[in-house]
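Participant: What follows is a protein structure lacking sequence information:
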């Protein structure tokens, strides 16, 4: 099926002896994307962030400019997406608050890695000197947050870097304003500063995504999406969750990007706040399930079925100093072997991202 910036998404089963029977997601690149150089850019980004636990992993890829044709093969997250969570919550399901905190922590960790690299405690100059090219996702939304099981519990992973940009690519732009004003994203999740973007814009989108998981909102109201669903600015997580959780989400939703929390301080604060209140929260009796089980007239009700889809201009982890060129290895060209279509199981998403 088509979606966003790609030529189609499929679930495929591998027949290579080294991974026989394993299922992956194939994201194809069409001709239009090659015209804009997107396949090379996305593959390079996926190489850079390959080793983070809470970012979906690329397992293989190929590209052939002469056809043009290409694809990336990603790990398959079989528990669905945060969009599925929002859908379930809208129908009355409930996610244990401990699980919400864990997902929030995992996604803040993923964003910290994108924005600041493997040593986020370094200052900006040290990160610059380390050679880390900051990555800005620019399309964080529930449909691009995937869920899977790891160590007996449901974990969240940041996915779909089709709209992402790096410091290096921004540095190559001859015009400063063009560098920090680029199309991309999903209506309802645009930050107030849109069409300008920075790392603060990713934080805004993360905050809205957490609201969706807590309240069941699917399309939040915003300046660019005036017909979207209203959300409570005073208590964005809703009445079923702690005021502490709402307080941390509100940090992500500061209207002015210059006052909005950055990724690493957010990660630190999530950890600190959760440790303070965790003993007051209900125990998560079903860590390997998305929703708590409930009793309906004496019969256990299972969760809804999941469908897997598949130095700065701003000074705020935003667009790059154009003097920085970077030194990352380019994408590798190799055709994956043994990837076979998994017939009858295509992508089920929201039609806007993957």
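Facilitator: Yep, it's here. Treat the numbers as computed from the prediction; the structure is a model and nothing was measured.

Participant: Give me the below-cutoff pLDDT ranges for the stretch 51-200 of the chain.
Facilitator: Scanning the stretch 51-200 of the chain for pLDDT under 70 picks out the ranges 174-183.

Participant: Quick one: the helices in it, in order.
Facilitator: Secondary structure of the stretch 51-200 of the chain (DSSP state H, counting those that start in this stretch): helices located at 82-90, 97-116, 124-130, 167-171, 176-180, 199-215.

Participant: Return the most buried member of these.
Facilitator: The highest mean neighbour count among those, using mean count of other Cβ atoms under 10 Å, belongs to helix 199-215: a mean of 26. Any C-beta I mention is one placed from the backbone N, CA and C, and that applies to glycine too.

Participant: which helices and strands sit right next to that helix?
Facilitator: Under the contact criterion of 3 or more Cβ pairs under 8 Å, 6 or more residues apart in numbering; DSSP states H and E, helix 199-215 touches helix 82-90, helix 97-116, strand 135-136, helix 243-252, helix 263-277.

Participant: count of residues packed around the closest residue to residue 187 other than its chain neighbours?
Facilitator: Setting aside the residues directly before and after it, residue 187 is nearest to residue 225 in space (Cβ to Cβ, 6 or more residues apart in numbering), at 4.3 Å. Residues lying near residue 225 (other Cβ atoms under 10 Å) number 15.

Participant: ok so, going back, format the helices of the stretch 51-200 of the chain as a markdown table; extra columns: distance to residue 46.
Facilitator: Conversion of the helices of the stretch 51-200 of the chain to a markdown table gives the following (distance: least, Cβ to Cβ, whole Å):
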| stretch | distance to residue 46 |
| --- | --- |
| helix 82-90 | 20 |
| helix 97-116 | 12 |
| helix 124-130 | 20 |
| helix 167-171 | 14 |
| helix 176-180 | 22 |
| helix 199-215 | 17 |
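
Participant: looking at these, which is closest to residue 275?
Facilitator: Relative to residue 275, the nearest member of these by Cβ to Cβ is helix 97-116, separated by 9.9 Å.

Participant: Next, find the distance separating residue 252 from residue 84.
Facilitator: To residue 84, residue 252 is 22 Å away according to Cβ to Cβ, to the nearest Å.

Participant: next one: residue 156
Facilitator: According to Cβ to Cβ, residue 156 stands 12 Å off from residue 84.

Participant: Overlap of the contact sets of the two?
Facilitator: Counting by Cβ atoms under 8 Å, 6 or more residues apart in numbering, the residues touching both residue 156 and residue 84 are residue 147.

Participant: quick one, domains of this protein?
Facilitator: 9-76+328-346, 80-301 (automatic domain parsing).

Participant: Need the winner for burial among those.
Facilitator: Most buried among these, given mean count of other Cβ under 10 Å as the contact rule, is domain 80-301, at a mean of 19.

Participant: which residues of this protein fall in strands?
Facilitator: With strands called from DSSP state E, the chain shows them at 9-14, 23-29, 58-64, 69-75, 80-81, 135-136, 145-150, 153-158, 165-166, 294-296, 299-301, 339-346.

Participant: Format those as TSV; extra columns: distance to residue 188.
Facilitator: Converted to TSV, those look like this (distance: least, Cβ to Cβ, whole Å):
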stretch	distance to residue 188
strand 9-14	21
strand 23-29	23
strand 58-64	28
strand 69-75	25
strand 80-81	16
strand 135-136	19
strand 145-150	15
strand 153-158	18
strand 165-166	21
strand 294-296	29
strand 299-301	30
strand 339-346	25
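
Participant: between those, which one is nearest to residue 198?
Facilitator: Minimum separation from residue 198 across the strands of the chain (Cβ to Cβ) falls at strand 135-136, 7.2 Å.

Participant: Residues contacting the closest one, please?
Facilitator: Applying Cβ under 8 Å, 6+ apart, the external contacts of strand 135-136 come out as 45, 48-49, 114-115, 161, 164-166, 197-199, 201-202, 317-318.

Participant: And it, how far out from the chain middle?
Facilitator: Offset of strand 135-136 from its chain centre (Cα atoms, centre = their mean, to the nearest Å): 11 Å.

Participant: One more: stretch 85-101?
Facilitator: Centre-to-centre, stretch 85-101 and its host chain are 18 Å apart (Cα atoms, centre = their mean).

Participant: do stretch 48-57 as well
Facilitator: The gap between the average C-alpha position of stretch 48-57 and the chain average comes to 11 Å, counting by Cα atoms, centre = their mean.

Participant: Now do the same contact list for the nearest residue to residue 169 once chain neighbours are set aside.
Facilitator: Of all residues not flanking residue 169 in the chain, residue 41 sits nearest, at 6.4 Å (Cβ to Cβ, 6+ apart). Taking Cβ under 8 Å, 6+ apart, we find residue 41 in contact with 164, 165, 166, 169.

Participant: can you check residue 213 too?
Facilitator: Residue 213 neighbours (Cβ under 8 Å, 6+ apart): 82, 85, 86, 89, 95, 100, 103, 142.

Participant: Can you tell me which of those residues is nearest residue 122?
Facilitator: Using Cβ to Cβ, the contacts of residue 213 come closest to residue 122 at residue 103, 26.2 Å.

Participant: residues in contact with that closest one?
Facilitator: By Cβ under 8 Å, 6+ apart, the contact list for residue 103 reads 82, 145, 154, 155, 156, 210, 213.

Participant: if we go to 10 Å?
Facilitator: Residues near residue 103 by Cβ atoms under 10 Å, 6 or more residues apart in numbering: 54, 82, 85, 95, 145, 147, 154-157, 209-210, 213.

Participant: Turn those residues into TSV, including distance to residue 232.
Facilitator: Conversion of the contacts of residue 103 to TSV gives the following (distance: Cβ to Cβ, whole Å):
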residue	distance to residue 232
54	27
82	19
85	18
95	17
145	21
147	25
154	25
155	27
156	23
157	27
209	16
210	13
213	15
